[in-house]
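> Provide a 3D model corresponding to the input given below.
(2 chains)
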Amino acid sequence: MIKDQEYLLEKASYCLDLIKKLGATDSSVIVSNSISETVNFRNKKLDESNRSDNLAVGITTYIGKKKSSISSSNLSKENLNTLIEKCIETTKNTPEDEFNSLPDKDLLAKEVKDLDLYDDTHINNEDKIQYLTKLEVSASSNKKIINTESSFTEDKSNFILANSDGFCKGYKDSSFVASSVTVAKDDKSMERDYEYTGKCHLDDIIDADVLGKLAAEQTIRKLSPKKIGSEKISLIFDKRIAKGILGTFASAIASSAISRGTSFLKDKINHKIFSDKINIMDKPDILKGLGSRSFDNEGVRSDTLRLVEQGVLKHYLIDTYNGKKLNQRSNGRCGGTSNLYFENGDISYKDLLNSNSKCLYITETIGHGSNIVTGDYSVGASGFLIENGEFKHPINEITIAGNFRDMFQNITLANDLEFKYSTNSPTMMIEGMVVAGK
Amino acid sequence: MSNFFEKSDLSRNEAEAIISDTLQKCDDGELYLENSKSETISLDDNKIKNSSYNSDLGFGFRAISDEIVAYSHSNEISKNSLKQSSESLKSTLKSARGTYNHSIPKSNEKYYDNINPIEQKSLKEKIEILEEANKYLRSKDKSVKQVTANFSGEQKSIEIIRSGGEVLTDVRPLIRFNVSVMLEKNGRKESGVYGVGGRQSYDFYLGETNWKNVCDEAFRIASVNLDSKPAPAGEMKVVLGPGWPAILIHEAIGHGLEGDFNRKKTSAFHNLMGQKVASEGVTIVDDGTINNRRGSLTIDDEGTPTEKTVLIENGILKNFMQDRLNARLMKTRSTGSGRRENYRHIVLPRMRNTMMLNGNHTQEEMIKSVEKGIFAVSFGGGQVDITSGKFVFNCTEAYEIVNGKIGAPIKGATLIGDGPSILKEVSMVGNDMMLDPGIGTCGKAGQGVPVGVAQPSILINKMTVGGTKL
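Coordinates of the predicted model:
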């Protein structure tokens, strides 16, 4: 069983009291516990079981404008005493930073919203095994599939965030995640692909048969890929890749990057950085949302933000420290976005595929080729050649490159948004990027 | 050395009894105890931004029967908690019918000293160096707009208790110093990053000339990039500089030679043992025994002493990297490559310091032989798709080569290649092998472990360069 609110609260108050006694002017404490149970299958047989029980405490102490922090997994009083003493000692010896402070009191969340993020259901390993057996039978039904690896994870966690200004709140959440990775082979090639389902509530995850079938289909269609020549061509990004481009946008509008001047989107508030039709939302209060939350990592209330409106950038993601540096108030984004998504475009998936006589459909990228200082983007990719709306053949060993400044202006979105992850995008087309191949 | 039972209601004898009882019908397994202390101090935007300290304590209990691994970990070293883990393992492995393999090789070699780098230097001294570095870089040139510098230091004590009570221990120091600088000139911004580190005290890396070298190198890379032009797109010849560019070897073939992917036959190399996988003259080893290196280990995380494992000898595939589980299932021996990020994770076969050894060409010869291509000197990260064999890495410093001469610097571009075939495209191996500066972290299955790489300059006949200029 995960530790209850009272246990976490008791630890948090103990820390706050001791920190105060030892002379800190301000402090914040987070105490958390998570229990996670995973079962892994390989080729229709049990491969691994893993139970993990994690306790953690994170403490930040302030003496005026001096600050330091510690973290530990050992919650014994003896260890907490030693660590807190060390933390205070370090704080004293750390230079002042005028922007260090707890969040403004009036911004702190007043309530924990009921967002239905916790499902109490516990499924024992036998039931996980049953799901995985069904999943792997479905995934390996085609004989081109030569290897399957699947896993089922149940996660429960609970936390308390407290600070010396009287904030003290926390809540439980849960997740149930199943995934399947399959390897397919023919005489020319060996390919791998995957499918995933993850929700806060057990009843909402995808059926095992369907998940296995999807993983297998997506892998088999990648067999016998060809390399293509280098050219400028329209690219269509599968939803699972398009969300990564949205994620890069989020890193580029993080107040830490803006205040340090290391983002290509610095000084771009109220500038048009996307085309007219693009709207980007960050909505923390979606019921059962994978990124939903009542407040951010500092306890600041997180309201819905329309980050981009008709192509115009409206907000940065601001925490307390960087907000003070930028002379702005926190908008509850310490720790990043919540449920971040592009609103739907006005064209169907099918019409998007048909909008060019020839384009590439990208299903996987590899490498860390996003540079938020310059906006340059260059990654390895694989996917499919599309001609007149039809999937022709798989392609791989190519790179795709561009600069986000141009790429953002050239995005067209389909109307097929779904909430599968915490960051989501409809299928996306970007015109004018360069593909390097043969 | 940590005494894990000192403040616990669990005695060493009781722990040993639970371990032996839990593992009696298993093929392998152990209790892994870990106590780590780490610190990070960083300077950013002219200020000390972060001074943090972490102490982590816990155990991971593993039982293996045939191919099945049962694992349970907890932060609480107590009777109750170990018993609960034992129950969890037993319930997964109800039908275990194995015989425990007690054999584990021994060695008296040690590749680093038993020190705690965090305690060896005061906070004040560390902060002073960061502030000096910041001042030094900002006074270098007015184009310097942002400086980030940080230290991280760690001491990790581990103890492995096997069935029957055999105990293996190790204490591992690790430090890293990193500098990142951003320049701005005529409205254009570029950044440069450099760092050093290893399993030694801070002092070894932080004499005045050392930290200034790190700053100079970060500044140099950023300056080169300020003048860079768009990279070419398409297939061409590539000369790789010595040292850190060996992450090409790490990504392109290193991961594909890890035992687990080959036992499961998901690696593109699984059926190539004994075959020619690289040009003649190409020899690659994975070596855990170089003194004080970031990727070195006295024993691995299963207690096996590390070694220098020959992976490819003169072009022929000789060995995979093995942990105990995969070695047993593939009927070979562990190469001391069983590693885990910490007690929260299961052991996997991983790389240590992966190195291509010297050949007899010079870098000059290589450049001269290229009519059109690129010369890649430094890289950011890389990644590989084990199954298709395709790998990428991102240049952070590269130049075009035109008619045998190094030309203008080019913008960061991704290079993509095919792991199983890339080493056959190596047409010259240099005589200038260099170790990387000690900054690598390898990610696999969500676990990061410190690693090293090394290589001489090499010439690759063709790779796809992911630029924007057609």
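> Helix, strand or coil: sort out B:S223 for me.
Per DSSP: H, G, I helix; E, B strand; the rest coil, the local secondary structure of B:S223 is helix.
> Confirm B:T209 sits in a strand?
No: assignment of B:T209 by three-state DSSP gives helix, placing it outside any strand.
> Mind jotting down where the helices sit in the chain?
Let's take chain A. With DSSP state H, the ranges of helices along chain A come out as A:5-21, A:77-93, A:125-139, A:208-220, A:239-252, A:255-260, A:320-326, A:349-354, A:404-409.
> Switch to chain B, please.
B:12-22, B:79-92, B:123-140, B:202-205, B:208-226, B:247-249, B:259-263, B:324-329, B:363-368, B:419-422.
> Give me whichever of those is most buried.
helix B:247-249 (a mean of 27; mean count of other Cβ atoms under 10 Å in any protein chain shown). C-beta: built from backbone N, CA, C; applies to glycine.
> Show me what that helix is packed against.
strand B:353-356, strand B:372-384, strand B:390-402, strand B:447-455 (3 or more Cβ pairs under 8 Å, 6 or more residues apart in numbering or on different chains; DSSP states H and E).
> How far off centre is it?
Relative to its chain's centre, helix B:247-249 lies at 11 Å (Cα atoms, centre = their mean, to the nearest Å).
> Same question for stretch B:277-295.
With Cα atoms, centre = their mean, you get 13 Å for stretch B:277-295.
> OK, contacts around B:A149?
By Cβ atoms under 8 Å, 6 or more residues apart in numbering or on different chains, B:A149 lies in contact with B:42-44, B:130, B:133-134, B:177-180, B:215.
> could you redo the helices and strands packed on helix B:247-249 as CSV and give each row mean neighbour count?
Shown next, in CSV, are the helices and strands packed on helix B:247-249 (neighbours: other Cβ atoms under 10 Å in any protein chain shown):
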stretch, mean neighbour count
strand B:353-356, 28
strand B:372-384, 22
strand B:390-402, 25
strand B:447-455, 23
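> Which one, of those, ends up nearest to chain A?
Nearest of these to chain A, taken as Cβ to the nearest Cβ: strand B:390-402 at 3.6 Å.
> what are the pairing partners of the closest one, and which direction each?
Its sheet considered, strand B:390-402 pairs with strand B:372-384 (antiparallel), strand B:405-410 (antiparallel), strand B:414-418 (antiparallel) by DSSP bridges.
> Now it: average pLDDT?
Strand B:390-402 shows an average pLDDT of 93 in the prediction.
> quick check: angle from it to helix B:208-226?
Angle, strand B:390-402 to helix B:208-226, by axes from the mean of the first three to the mean of the last three Cα atoms, to 10 degrees: 80 degrees.
> about what we covered before: tell me the one of the contacts of B:A149 nearest A:T82?
Checking these against A:T82 by Cβ to Cβ gives B:S42 as the nearest, at 23.4 Å.
> Now do the contacts for the residue in the stretch 251-400 of chain A that chain B sits nearest to.
Closest residue of the stretch 251-400 of chain A to chain B, Cβ to the nearest Cβ: A:T399 (2.6 Å). A:T399 makes contacts with A:378-381, A:435-436, B:233, B:392, B:413-416, B:464-466, as judged by Cβ under 8 Å, 6+ apart.
> Point to the helix or strand of chain B where mean pLDDT is at its lowest.
Counting by mean pLDDT, DSSP states H and E, chain B has its least confident helix or strand at helix B:419-422, which shows a mean of 87.
> in terms of contact count, name the helices or strands touching it.
strand B:390-402.
> at 10 Å what do you get?
helix B:247-249, strand B:390-402, strand B:458-466 (3 or more Cβ pairs under 10 Å, 6 or more residues apart in numbering or on different chains; DSSP states H and E).
> Where do the domain boundaries of the chain fall?
Here I'm looking at chain A. Domain assignment for chain A, taken from automatic domain parsing, gives A:5-220, A:225-438.
> not quite, I wanted chain B
As assigned by automatic domain parsing, chain B contains the domains B:119-157+B:172-226, B:233-466.
> distance of B:V426 from A:G437?
Distance, B:V426 to A:G437, using Cβ to Cβ, to the nearest Å: 21 Å.
> For the residue lying closest to A:I347 once chain neighbours are set aside, give me its contacts.
Among residues not flanking A:I347 along the chain, A:A414 sits closest, at 5.9 Å (Cβ to Cβ, 6 or more residues apart in numbering or on different chains). Neighbouring residues of A:A414 by Cβ atoms under 10 Å, 6 or more residues apart in numbering or on different chains: A:236, A:239, A:242, A:344-353, A:355, A:425-429.
> what about the residue in the stretch 201-350 of chain A that chain B sits nearest to, neighbour count?
Distance from chain B to each residue of the stretch 201-350 of chain A (Cβ to the nearest Cβ) is smallest for A:S230, at 4.2 Å. Here the number of neighbours of A:S230 (other Cβ atoms under 10 Å in any protein chain shown) works out to 22.
> Not counting its neighbours along the chain, what's nearest the residue in chain B positioned nearest to chain A?
Residue nearest to chain A within chain B (Cβ to the nearest Cβ): B:G466, separated by 2.6 Å. Distances taken as Cβ to Cβ, 6+ apart place A:T399 nearest to B:G466, at 2.6 Å, with adjacent residues excluded.
> Out of the helices of chain B, which gets nearest to A:Q130?
helix B:79-92 (14.8 Å).
> buried residues in stretch A:348-366?
Under the neighbour-count criterion of 16 or more other Cβ atoms under 10 Å in any protein chain shown, stretch A:348-366 has A:352-353, A:355-356, A:359-366 buried.
> which pair in these spans the largest distance?
A:S355 and A:I366 (26.6 Å).
> Could you list the low-pLDDT ranges of the chain?
All of this is about chain A. Scanning chain A for pLDDT under 70 picks out no residues.
> please go with chain B instead
For chain B (pLDDT under 70), the answer is B:1.
> what residue of it is the furthest out?
B:N186 (37.8 Å; Cα atoms, centre = their mean).
> OK, contacts around residue 406?
Picking chain A for this. A:375, A:377, A:430-433, B:468.
> not what I meant, chain B
Contacts of B:I406 by Cβ under 10 Å, 6+ apart are B:239, B:367, B:370, B:374-375, B:377, B:399-400.
> The stretch 251-400 of chain B against chain A: which residues are in contact?
Contacts of the stretch 251-400 of chain B with chain A, taken as Cβ under 10 Å from any Cβ of the partner chain, map to B:251, B:264-268, B:270, B:342-346, B:380-396.
> do you know how far A:I19 is from chain B?
15 Å (Cβ to the nearest Cβ, to the nearest Å).
> what residues are up against the closest residue to that residue other than its chain neighbours?
Of all residues not flanking A:I19 in the chain, A:S27 sits nearest, at 4.3 Å (Cβ to Cβ, 6+ apart). Listed by Cβ under 10 Å, 6+ apart, the contact set of A:S27 reads A:15-20, A:59-63, A:67, A:69, A:84, A:87-88, A:91, A:102, A:162-165.
> same question, A:K188
A:K188 touches A:223-226, counting by Cβ under 10 Å, 6+ apart.
> which among those are in contact with chain B?
A:P225.
> most surrounded residue in the contacts of A:K188?
Highest neighbour count within the contacts of A:K188, by other Cβ under 10 Å: A:P225, with 22 neighbours.
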